[in-house]
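Enquirer: Provided below for reference: sequence and predicted model.
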Amino acid sequence: MEKNQASSLIQVKASLVQKTKYFLESRNPKGSDLRRALT
């Protein structure tokens, strides 16, 4: 059960990171620099 919770947390975090990157790119076309800094 705990392992399941941890993996779902990781998935949530991953999707949040994706959304953040997408948001930054849509706000700022030069966001590739920002994305490189984030990863």
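Expert: All right, it came through fine.
Enquirer: Which neighbouring elements make contact with the lengthiest helix in the chain?
Expert: When the chain is parsed with DSSP state H, its longest helix is helix 2-27. Counting contacts by 3 or more Cβ pairs under 8 Å, 6 or more residues apart in numbering; DSSP states H and E, helix 2-27 is packed against helix 31-38. No exception for glycine: its C-beta is placed from N, CA and C like everyone else's.
Enquirer: and the gap between residue 17 and residue 4?
Expert: Using Cβ to Cβ, to the nearest Å, residue 17 is found at 21 Å from residue 4.
Enquirer: So for the two, which residue has more residues nearby?
Expert: Ranked by neighbour count (other Cβ atoms under 10 Å), residue 17 and residue 4 place residue 17 first, with 12 against 8.
Enquirer: how much space between the more buried one and residue 23?
Expert: The gap separating residue 17 from residue 23 is 11 Å, by Cβ to Cβ.
Enquirer: likewise residue 13?
Expert: 15 Å.
Enquirer: what does the model give the residue most central in space within the chain for pLDDT?
Expert: Residue closest to the mean C-alpha point of the chain, counted by Cα atoms, centre = their mean, is residue 17 at 0.8 Å. pLDDT recorded at residue 17 is 93.
Enquirer: do the same with residue 10
Expert: Per-residue confidence (pLDDT) for residue 10: 93.
Enquirer: Low-confidence stretches in this protein?
Expert: For the chain, the stretches with pLDDT under 70 are 1, 29-35, 37-39.
Enquirer: rerun that using 50 as the cut-off
Expert: For the chain, no stretch has pLDDT under 50.
Enquirer: Would you mark the buried spots in stretch 8-22?
Expert: For stretch 8-22, the neighbour count (16 or more other Cβ atoms under 10 Å) marks residue 21 as buried.
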